[in-house]
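[1] Quick one, fold the following:
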Amino acid sequence: MDNSELIEDYFTGSQDPVQVRAFETRITTDPAFAEEVAFYLSVHSLAREVYQSEKKQQFRELYQQGQASGISTSKISSPLTSSKSRTTPVRKIVYYMAAAAAVAGITFGIYNYEQPASPEQLASKYEKKNLMTQGVTMGSRPNSLQTGLSLYNDGKLEQALKHFEQMSQKDSTDSRAKQYAGLAALRLKDYDKALFYFKQLETFTKQFSNPGLFYEALTHMKRNLPDDADTAKQLLQQVVAKDLDEKETAQEWLSNWKK
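    The predicted structure is shown next:
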């Protein structure tokens, strides 16, 4: 079956649900096919407009002819019988030029329609935007935290993780060490270790700023195992309900959620 028949079957409702899904997926992944669909839509839409315009004009002219000759309008022949003879090459050229111009607009709409993102896509976008580097305030005497952050920002994630873990072992109340150990593990795709540190971070409830719950949700979204999406969604809902760090981001994600 060529593409024209495939497109015709889709818009006439002749395809089964599996074929419909395959057709719609192909529109978003095959630009050439999307243009064919766009042209089909533009041609059919414009054809109706041209056809209706032609018929109105023909009825008007025939009515005027009948009035001038005293013929009853009931005897005027149907414009359907003469439509072929009235279609000029110029009209056809205009028809196809307009259809071709419509293709660009329809195709643009197909590719610029913002579809809901998957949890994994949302998490990856956040990671690239916010977690590639962390702020470092260097004093006259660099401390252990600054050393770890320098390693993190230089992309030496394994060294950074080891450094923050050592800090956490020396001082179990050091929430920053746990936070950055979790972030280093997250970027290394060691999701179980990241969850381990973020869950510990959540226990520091008296902190003014504590993104532990949000980072835990983020890690589930990145890991993307069965049930991770549901778990992350529940955690994000808690972030919003408790008015915790990254509440606005959690609200935005929940509003654009797609399993």
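[2] how about the strands of the chain, start to end?
    In the chain, no strands are defined using DSSP state E.
[3] now the helices for it?
    Along the chain, the segments classed as helices by DSSP state H run 3-11, 17-29, 31-69, 83-86, 89-112, 119-130, 144-153, 157-170, 175-187, 191-202, 212-223, 228-241, 247-255.
[4] Look at Asp9 and say how many residues are nearby.
    For Asp9, the count of nearby residues is 15 (other C-beta atoms under 10 Å). In this view, the C-beta of every residue, glycine as well, is placed from N, C-alpha and C.
[5] pLDDT at it, what is it?
    As predicted, Asp9 sits at a pLDDT of 79.
[6] hmm, back to that, mean pLDDT lowest where, among the helices of the chain?
    helix 83-86 (a mean of 45).
[7] returning to what we had before: pipe the helices of the chain into a markdown table and attach distance to Val136 per row.
    Formatted as a markdown table, the helices of the chain follow (distance: least, C-beta to C-beta, whole Å):
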| stretch | distance to Val136 |
| --- | --- |
| helix 3-11 | 56 |
| helix 17-29 | 42 |
| helix 31-69 | 44 |
| helix 83-86 | 76 |
| helix 89-112 | 39 |
| helix 119-130 | 15 |
| helix 144-153 | 5 |
| helix 157-170 | 12 |
| helix 175-187 | 11 |
| helix 191-202 | 20 |
| helix 212-223 | 19 |
| helix 228-241 | 26 |
| helix 247-255 | 23 |
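[8] What residues does Ala194 make contact with?
    Listed by C-beta atoms under 8 Å, 6 or more residues apart in numbering, the contact set of Ala194 reads Gly182, Leu183, Ala185, Leu186, Tyr215, Thr219.
[9] And Ser144, by the same measure?
    Contacts of Ser144 by C-beta under 8 Å, 6+ apart are His163, Met167.
[10] Try it again at 10 Å.
    Contact partners of Ser144, counting by C-beta atoms under 10 Å, 6 or more residues apart in numbering, are His163, Phe164, Gln166, Met167, Lys170, Asp171, Asp174, Ala177.
[11] and what of Gln15?
    Shown in contact with Gln15 (C-beta under 10 Å, 6+ apart): Leu6, Asp9, Arg21, Ala22, Phe23.
[12] again, only using 7 Å
    Shown in contact with Gln15 (C-beta atoms under 7 Å, 6 or more residues apart in numbering): Asp9, Phe23.
[13] so what pLDDT did it get?
    Per-residue confidence at Gln15 stands at 76 (pLDDT).
[14] distance of it from Glu5?
    Separation of Gln15 from Glu5 (C-beta to C-beta, to the nearest Å) stands at 11 Å.
[15] Repeat that for Ser209.
    Between Ser209 and Glu5 the distance is 60 Å, computed by C-beta to C-beta.
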